[in-house]
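Asks: Could you look at this predicted model? Sequence included:
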Amino acid sequence: MQFNELNIMPSILKALEAQNYETPTPIQEKAIPVVLSGTDLLGCAQTGTGKTAAFAIPTLQLLSMDKDPSAHKNIRSLIITPTRELALQIYESFCTYGKFTRLKYCVVFGGVSQKPQEEVLQRGVDILIATPGRLNDLMSQRLIDLSHLKILILDEADRMLDMGFINDVKKIIAKTPAKKQTLFFSATMPPDIAELANTILVKPTRIDIAPVSSTVDTIEQTLYYVDKENKKDLLVHLLKDSSIVSALVFTRTKHGADRIVKQLAKDNITAQAIHGDKSQGARQTALNNFKKKTLRVLIATDIAARGIDIDELSHVINYDLPNIPETYVHRIGRTGRAGLSGIAISFCDFDEKEYLADIERLIGKRIPEVKDHPYPLMNNFPSEKKTQPRREPRGKAAPMTETRNYSTAKASSPRGTASGNDYGQKQNRNTAPYKKSDSQATGTQSYSPKKTSSSGYSSQTSDSKSDSRYNSQPFTTRNTSEQRKPAQASTPRTPSTPRTSSAPSNHTIKPADNKKKKFRMTADGQLKEKKTKIWFPKFRGKSDSK
């Protein structure tokens, strides 16, 4: 079947012919007639099958044939996609296929200033391509109105679920008209995605093309067993082969991508990285250099690489095996597109053998192993995970390991005698040994002294009134091996002992009364009380006696 047999309008066919598009892919052949009929669509197809053209071509035709005058300068079609790169790719596809139409397009995404995007929106837009985060921001600022929307398209819905955008997508859908055509595309169909599709689609037509467990036959897959610390050396060894014209290297983390770029630079291999922490300008520059063949090696994470469409990509290298088997299929699908051949190379250390087993179980075959290489796997045991010592929560003391004896206080203290003082026959606090309470199980140490009754036996119960200072405050120390120092005996002060003063010896200060008195120093060095002068204002008016 040819494109001219799909009832496509001449202006779009002219643009397709300019791109040398003649034969549609299976997803395009089945999806385009369904979308043109106005029916909701649920499409499940893996990366690289031509999904973008499958919804872009019929959307352009439906909006071009719409003669509703009220739709002028209103957003009539919205495409939601998870990443900036995929949004830009879809925008470029619409510009290419709709080159000879009068429709206007706009793409909005985060990471850049929204001012240029606002200016384009104010001039009027027919088709909007957006990421969920920036779209919600613009809608909250009342810069985007979706009340005239006629076609809603969700692309890479499974990836939006993985990135945590599903709630944002639900907010956006809630602000769209109830009567609209919805197209739902996803590479995989987990239960959450299937549930979302059932809530927003009305009697959809489902199209399944190439299940995600299948890999393209034109891709040659190879496996290298290598220790984790030797992966960088093996990568340098492979990249020295001139047959690798372009290589897209996948890593699991953002820091890992930057680390690989630095390691390759030491071996005079130029590479650039794209991931979520890079600015949009840096990501787009690296991607454009890779597409133009001026950059040979591109390091990417899974999220940043979603939607990358590169013609004639020769090699894909899995520096780290993904922990999700479906991600492996998406990765190697970047090569071997449009019937071309490609090579997918995977590194596997001992800890990643479990991931490899899941991948081979999904694709239904074993990946051929390359044994003849200079860095074979030597460590056949799991790597030790570095763990930091556990820290106690704030407000809780470390558990103590020994019983303390605090019965060494001096008896010369005023409270050290049990007779002839104000305390009568009460137990001495300074000489009572301390005992740990049951609260140590919770990490808080509270101590209560043993009380000796008049009968001579020791009682474990404590008087909450007399010993409240020990029960109300937890007792903690840093060094448990040290004993508490005995309390220093203080010299008791009797009422007959006069309070000393720093005033001159020939002058005695009288006890202060309720009023605060002021003193002054005389010429002979004596302190005398200042006399307060009372000032009475003079009466300047006329006297009554006169």
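Replies: Sure thing, it's come through.

Asks: just checking, what packs against the helix or strand hosting residue 85?
Replies: Counting by DSSP states H and E, the element that carries residue 85 is helix 84-97. The contact analysis (3 or more Cβ pairs under 8 Å, 6 or more residues apart in numbering; DSSP states H and E) places helix 84-97 against helix 10-18, helix 51-64, strand 105-108, strand 127-130, helix 280-291. (C-beta placed from N, C-alpha, C; glycine too.)

Asks: can you put those in JSON lines and add mean pLDDT and distance to residue 368?
Replies: Compiled in JSON lines, the helices and strands packed on helix 84-97 are given as follows (pLDDT from 0 to 100; distance: least, Cβ to Cβ, whole Å):
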{"stretch": "helix 10-18", "mean pLDDT": "91", "distance to residue 368": "39"}
{"stretch": "helix 51-64", "mean pLDDT": "92", "distance to residue 368": "30"}
{"stretch": "strand 105-108", "mean pLDDT": "94", "distance to residue 368": "41"}
{"stretch": "strand 127-130", "mean pLDDT": "95", "distance to residue 368": "40"}
{"stretch": "helix 280-291", "mean pLDDT": "84", "distance to residue 368": "27"}
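
Asks: neighbouring contacts of whichever helix or strand residue 199 is part of?
Replies: Here residue 199 sits within helix 191-200, counting by DSSP H and E. Outside of helix 191-200, the residues that reach it under the criterion Cβ atoms under 8 Å, 6 or more residues apart in numbering are 42, 157-158, 161, 166, 169-170, 173, 182, 184, 186, 189, 204.

Asks: With respect to residue 324, which of the helices and strands packed on helix 84-97 lies nearest?
Replies: Among the helices and strands packed on helix 84-97, helix 51-64 comes nearest to residue 324, with 20.1 Å by Cβ to Cβ.

Asks: re earlier: so which of the contacts of helix 191-200 are in strands?
Replies: 42, 182, 184, 186 (DSSP state E).

Asks: As JSON lines, those with neighbour count, pLDDT and distance to residue 344 would be great.
Replies: What follows is the ones in strands among the contacts of helix 191-200, written out as JSON lines (neighbours: other Cβ atoms under 10 Å; pLDDT from 0 to 100; distance: Cβ to Cβ, whole Å):
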{"residue": "42", "neighbour count": "22", "pLDDT": "91", "distance to residue 344": "29"}
{"residue": "182", "neighbour count": "19", "pLDDT": "94", "distance to residue 344": "34"}
{"residue": "184", "neighbour count": "23", "pLDDT": "92", "distance to residue 344": "29"}
{"residue": "186", "neighbour count": "25", "pLDDT": "83", "distance to residue 344": "23"}
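
Asks: Just flag the most distant two among those residues.
Replies: Of all pairs drawn from the ones in strands among the contacts of helix 191-200, the one with the largest separation by Cβ to Cβ is 182 and 186; the distance is 12.9 Å.

Asks: Now do the shared contacts for the two.
Replies: Common neighbours of residue 182 and residue 186, counting by Cβ under 8 Å, 6+ apart, are residue 154.

Asks: Next secondary structure element downstream of the helix holding residue 199?
Replies: Scanning onward from helix 191-200 (DSSP H and E), the first element met is strand 205-209.

Asks: so what secondary structure elements neighbour that next one?
Replies: Secondary-structure packing of strand 205-209 (3+ Cβ pairs under 8 Å, 6+ apart): helix 26-36, strand 41-45.

Asks: which of those has the lowest average pLDDT?
Replies: Within the helices and strands packed on strand 205-209, confidence is poorest for strand 41-45, with a mean of 87 (mean pLDDT).

Asks: now for that one, which elements pack on it?
Replies: Applying 3+ Cβ pairs under 8 Å, 6+ apart, one finds that strand 41-45 contacts helix 26-36, helix 51-64, strand 181-186, strand 205-209.

Asks: which other residues reach the longest one?
Replies: What it means is helix 51-64. By Cβ under 8 Å, 6+ apart, the surrounding residues in contact with helix 51-64 are 8-9, 11-12, 16, 21, 24-25, 27-28, 31-32, 35-36, 38, 41, 43, 45, 76-77, 79, 89-90, 93-94, 97-98, 101-103, 126-127, 150-151, 153, 155, 183, 185.

Asks: could you redo the last one with a cut-off of 7 Å?
Replies: Counting by Cβ atoms under 7 Å, 6 or more residues apart in numbering, helix 51-64 makes contact with 8-9, 12, 27-28, 31-32, 35-36, 43, 45, 76-77, 90, 93-94, 97-98, 101, 103, 126-127, 151, 153, 155, 183, 185, all of which sit outside it.

Asks: Report pLDDT for residue 134.
Replies: Per-residue confidence (pLDDT) for residue 134: 93.

Asks: secondary structure element for it?
Replies: Take DSSP H and E as the rule and residue 134 turns out to sit in helix 132-140.

Asks: Direction included, what does the next helix or strand after that helix pair up with?
Replies: In the C-terminal direction, the helix or strand that comes right after helix 132-140 (DSSP H and E) is strand 151-154. Strand pairing for strand 151-154, determined by DSSP bridges: strand 77-80 (parallel), strand 181-186 (parallel).

Asks: how about a markdown table for those strands, with distance to residue 519 added?
Replies: Listed next are the strands paired with strand 151-154 as a markdown table, based on distance: least, Cβ to Cβ, whole Å:
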| stretch | distance to residue 519 |
| --- | --- |
| strand 77-80 | 84 |
| strand 181-186 | 91 |
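
Asks: Could you chop the chain up by domain?
Replies: Here the domain parsing of the chain from automatic domain parsing is 3-209, 219-363.

Asks: Of those, give the one that comes closest to residue 373.
Replies: In this view, the domains of the chain are compared for proximity to residue 373 by Cβ to Cβ, and domain 219-363 is the closest at 6.1 Å.

Asks: if I look at residue 122, how far off is residue 149?
Replies: Applying Cβ to Cβ, to the nearest Å, the value for residue 122 to residue 149 is 18 Å.

Asks: Find the residue ranges of this structure scoring beneath the pLDDT cut-off.
Replies: Low-confidence segments of the chain, defined by pLDDT under 70, are located at 47-48, 69-72, 210-216, 303-309, 311, 337-340, 383-517, 531-546.
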